[in-house]
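Peer 1: Compute the structure for the input listed below.
(4 chains)
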There are 2 protein chains.
Amino acid sequence: MLFASAKVLRIAERDLVEREGFPIAWLDVLAQLYDAPDNGLRMQELEERSLFTRSGLTRLVDRIEAAGLVRREPVPGDRRGVRVVLTPEGRRRHDHAFVEHMRVIEREFGGRLTPAEQQAVADALSSFWHGDLESPATSG
Amino acid sequence: MLFASAKVLRIAERDLVEREGFPIAWLDVLAQLYDAPDNGLRMQELEERSLFTRSGLTRLVDRIEAAGLVRREPVPGDRRGVRVVLTPEGRRRHDHAFVEHMRVIEREFGGRLTPAEQQAVADALSSFWHGDLESPATSG
DNA sequence: TGTCAATAGATGACATAGCAGTGAGTGTTG
DNA sequence: CAACACTCACTGCTATGTCATCTATTGACA
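Peer 2: Below you'll find the model as predicted:
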């Protein structure tokens, strides 16, 4: 599983960088924001939905912001907080990149896995992921 | 799939670092050498069997060597080449770490996926991996 | 043998992730 | 209101991986 995802990830990464000029991590953030209400999330929420730690996110968002794809704005009622919002440009880039990205993923998996296999993997791992994320199977 | 493997990887990584004092990347190298004839491989072979680039491997092996778990030795008949060999200490650490590592992986997957699901994922992704690694499904 | 392309591995410069610690802001308690 | 614990996000330091490039060696060929 590790090897398979590492391989596809690497291919998708290269493709994305060549076509769009930004890495998968950006698309991940962009997509999270895209799916969020008003296209915005707090750093904390972004952290929960992504694979990064918060300090990693701070800098990731720095870079995406510098590229003009997202914008930081204050959170009304909590001056500690920061809300990260998709800019129109960010939205455009997301849309464009996402289509191509999905195409690459499909090509990689579609060309190598039967539909039944794809379904089996998706079912098993999606329930794995959504199952009990925050309460590991460990007993201690 | 990405999320699932990232999650398990992160848990396994922490566990390994706490117990053994080295990260998964090391165990990966150690295990490759362990499985190799005479417990040794050339850098190039290690590269093929791992998820690293060669330059990444150079430094990874540097660190593992500094810790005394592997040793570089010349390749008879090709003075460009380097053969990386497991030391007795490396072998011991591998054995110990590997057992615990497998236990963690089993716990994480065993506790969340049914045996049938595990089998389905394993079958699909192992054929994916072994299928046609070097000739992507792309047409260009 | 001399030249030249290819190969093996190492190195320099750089990008990015994590941990631990910082500082501002919040809300609870008296 | 003062004191305190907690939360949010950011920053310094450090670890590690990649790309492009470098050196040494090899092998092909005139």
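
Peer 1: Nearest the geometric middle of chain A, what residue?
Peer 2: When chain A is reduced to its mean C-alpha position, the closest residue under C-alpha atoms, centre = their mean turns out to be residue A:28, at 1.9 Å.

Peer 1: So that one belongs to a strand, correct?
Peer 2: No: secondary structure assignment (DSSP: H, G, I helix; E, B strand; the rest coil) places residue A:28 in helix, not in a strand.

Peer 1: show me the contacts for the residue nearest to it when sequence neighbours are not counted.
Peer 2: Spatial nearest neighbour of residue A:28, excluding adjacent residues (C-beta to C-beta, 6 or more residues apart in numbering or on different chains): residue A:50 at 5.9 Å. Any C-beta I mention is one placed from the backbone N, CA and C, and that applies to glycine too. If you count contacts by C-beta atoms under 8 Å, 6 or more residues apart in numbering or on different chains, residue A:50 has them with A:28-29, A:32, A:57.

Peer 1: In which helix or strand does residue A:82 reside?
Peer 2: Using DSSP states H and E, residue A:82 sits in strand A:78-86.

Peer 1: residues in contact with that strand?
Peer 2: With C-beta under 8 Å, 6+ apart, strand A:78-86 has contacts from A:29-30, A:33-34, A:38-44, A:46, A:61, A:65, A:69-75, A:94.

Peer 1: Stretch A:35-49 too?
Peer 2: Against stretch A:35-49 from outside (C-beta under 8 Å, 6+ apart): A:29, A:32-33, A:53-54, A:57-58, A:61, A:73, A:75, A:81-86, A:91.

Peer 1: Recalculate using a threshold of 6 Å.
Peer 2: A:32-33, A:54, A:57, A:81-86 (C-beta atoms under 6 Å, 6 or more residues apart in numbering or on different chains).

Peer 1: cool, and stretch A:9-17?
Peer 2: A:23-24, A:104.

Peer 1: For the contacts of stretch A:35-49, point out the one with the lowest pLDDT.
Peer 2: Among the contacts of stretch A:35-49, residue A:54 has the lowest pLDDT, at 92.

Peer 1: Near it, how many other residues are there?
Peer 2: Neighbour count for residue A:54, taken as other C-beta atoms under 10 Å in any protein chain shown: 12.

Peer 1: Identify the residue spatially nearest to it, adjacent ones excluded.
Peer 2: residue A:47 (4.9 Å).

Peer 1: Kindly provide the distance from that neighbour to DNA strand D.
Peer 2: According to C-beta to the nearest atom of the strand, to the nearest Å, residue A:47 and DNA strand D sit 7 Å apart.

Peer 1: Which positions in the helix or strand where that residue lies come out as buried?
Peer 2: For residue A:47, the host element (DSSP H and E) is helix A:43-49. The neighbour-count check on helix A:43-49 (16 or more other C-beta atoms under 10 Å in any protein chain shown) flags A:43, A:45-47, A:49 as buried.

Peer 1: for stretch A:108-118, same thing?
Peer 2: Within stretch A:108-118, the residues that qualify as buried by neighbour count (16+ other C-beta under 10 Å) are A:108-109, A:112-113, A:117-118.

Peer 1: is it anywhere near chain B?
Peer 2: Yes: residues of stretch A:108-118 are located near chain B by C-beta under 6 Å from any C-beta of the partner chain, namely A:111-113, A:117.

Peer 1: Residue numbers of chain A in contact with DNA strand D?
Peer 2: Within chain A, the positions lying close to DNA strand D (C-beta under 7 Å from any atom of the strand) are A:14, A:42-44, A:47, A:54-55, A:57-59, A:61-62, A:72, A:75, A:78, A:80-83.

Peer 1: State the mean pLDDT of the longest helix along chain A.
Peer 2: Longest helix in chain A, counting residues (DSSP state H): helix A:88-110. Averaged across helix A:88-110, pLDDT comes to 93.

Peer 1: tell me which strands and helices it is in contact with?
Peer 2: Contacts defined by 3 or more C-beta pairs under 6 Å, 6 or more residues apart in numbering or on different chains; DSSP states H and E place helix A:88-110 against helix A:2-20, helix A:24-35.

Peer 1: averaging pLDDT over each of the ones you listed, which comes out lowest?
Peer 2: Across these, helix A:2-20 has the smallest mean pLDDT, namely a mean of 90.

Peer 1: quick one: it to helix B:2-20, angle?
Peer 2: Relative orientation of helix A:2-20 versus helix B:2-20 (axes from the mean of the first three to the mean of the last three C-alpha atoms, to 10 degrees): 120 degrees.
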